[in-house]
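Undergrad: here is a sequence together with a model predicted from it:
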Amino acid sequence: MKSKQKSISILKRMKLSNESYLPIDSIVLEPLKAFAQAHDVPIIKDQGLRFLQQLILIKDAQSVLEIGTAIGYSALGMLAVKPELKIVTVERDPNMQVLARKNFESFGKKASVQLICEDALNYLPDPSQRFDMIFIDAAKAQSQRFFERFERFLHPGGVIVVDNLDFHGLVGSKPSSKNVRRLVEKIEAFIEYVQKREAYDTVIYPIGDGMSVSIKKR
Ligand code: SAH
Ligand code: MG
């Protein structure tokens with residue numbers, strides 16, 4: 001009991017500020033973040049990207065499949081910590097595809113990223129392709145479908161990360177809008193589902209907008 005109290009007080013004393021969660025290369029990425037904020041593009045939060053960057057390094061990931069590119073912010077954030085990383089990223093919105101392509105080019109990362117301009121529910125990688133990590137960050141009601149569609153392309157020991165499980169703090173609440181409520185229920189069902197999957201070691205982290213990390217058992 002005593003030691004538990006002590007560790008809480010250490011955390012309090014440290015007064016972790018948002019700055020301690022700034023992603024690597026956040027200054028270089030700042031214009032993209034500002035663009036996203038100005039145009040209501042829902043990019044990953046600082047804390048979430050910082051976490052993803054550390055996962056890439058801890059896992060020593062060589063390859064990532066990303067579902068939901070938007071303007072390419074999270075993909076460029078992952079490349080910031082590991083320039084030799086190869087990312088396949090899938091985006092269905094033509095406007096986003098144009099912006100992402102432009103951003104990958106201007107960051108000099110065209111060779112590192114394969115942008116798939118397709119609905120992820122129609123796309124499949126080559127049958128022999130395997131990834132070290134899959135980052136699912138597209139339509140939030142579809143996370144389970146994406147998980148089941150792409151998990152076979154993960155190496156044993158690989159990791160599936162799913163973003164926005166907190167959905168701006170709405171998960172666990174009863175939103176008045178019927179559509180939002182339905183979406184929240186879908187996310188809650190995914191949280192239950194992913195924790196039950198015995199082929200994975202899963203933890204849901206209250207980081208960023210809520211992220212699950214599922215390690216595929218060997
Ligand atoms: N990963 C990005 C944010 C992605 S926002 C970042 O953090 O920087 C979610 C994106 O997923 C949107 O651009 C949306 O168009 C795309 N999306 C949603 N459903 C999709 C689907 N079924 N297939 C491909 N892209 C999808
Ligand atoms: Mg997200």
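TA: Okay, I see it. The structure displayed is predicted, hence computed values, not measured ones. Ligands and ions are numbered 1, 2, ... in the order given.
Undergrad: show me what contacts whichever residue of the chain sits closest to ligand 2?
TA: Of all residues in the chain, Asp163 sits closest to ligand 2, at 3.6 Å by CB to the ion. C-beta here means a position set from N, CA and C on the backbone, and glycine is covered the same way. Contacts for Asp163 (CB atoms under 8 Å, 6 or more residues apart in numbering) come out as Ile44, Gly48, Phe135, Ile136, Asp137, Gly208, Asp209, Gly210, Met211.
Undergrad: what average pLDDT does the host helix or strand of the second one get?
TA: Which is Gly48. Gly48 belongs to helix 46-59 when elements are defined using DSSP states H and E. This predicted structure assigns helix 46-59 an average pLDDT of 97.
Undergrad: tell me what it is packed against?
TA: Judged by 3 or more CB pairs under 8 Å, 6 or more residues apart in numbering; DSSP states H and E, helix 46-59 is in contact with helix 73-81, strand 131-136, strand 154-162, strand 211-216.
Undergrad: contacts for the first one next, please.
TA: So that's helix 73-81. 23-25, 28-29, 32-33, 36, 41, 43-44, 49, 52-53, 56-57, 64, 66, 69, 85, 87, 89, 100, 103-104, 107, 109, 112-113, 135, 137.
Undergrad: the next helix-or-strand element following that helix vs strand 131-136, what angle?
TA: Once the chain leaves helix 73-81, the next helix or strand it forms, by DSSP H and E, is strand 86-91. Angle of strand 86-91 versus strand 131-136, following axes from the mean of the first three to the mean of the last three CA atoms, to 10 degrees, is 30 degrees.
Undergrad: now do strand 86-91 and helix 73-81, the angle between them.
TA: Regarding strand 86-91 and helix 73-81, their directions subtend 170 degrees when assessed with the same axes, to 10 degrees.
Undergrad: do the helix or strand following strand 86-91 and ligand 1 meet?
TA: Past strand 86-91, further along toward the C-terminus, the next helix or strand under DSSP H and E is helix 94-106. Yes - using CB under 6 Å from any ligand atom, we find that helix 94-106 touches ligand 1 at Met96.
Undergrad: average pLDDT across helix 94-106?
TA: Helix 94-106 comes out with an average pLDDT of 98.
Undergrad: tell me the contacts of whatever residue of the chain ends up closest to ligand 1?
TA: Using CB to the nearest ligand atom, Gly68 is the residue of the chain that sits closest to ligand 1, at 3.0 Å. With contacts defined as CB under 8 Å, 6+ apart, Gly68 is in contact with Thr89, Val90, Glu91, Ala120, Ile136, Asp137, Ala138, Ala139.
Undergrad: what about the protein, any weak spots by pLDDT?
TA: Per-residue confidence for the chain (pLDDT under 70) gives these ranges: 1-19.
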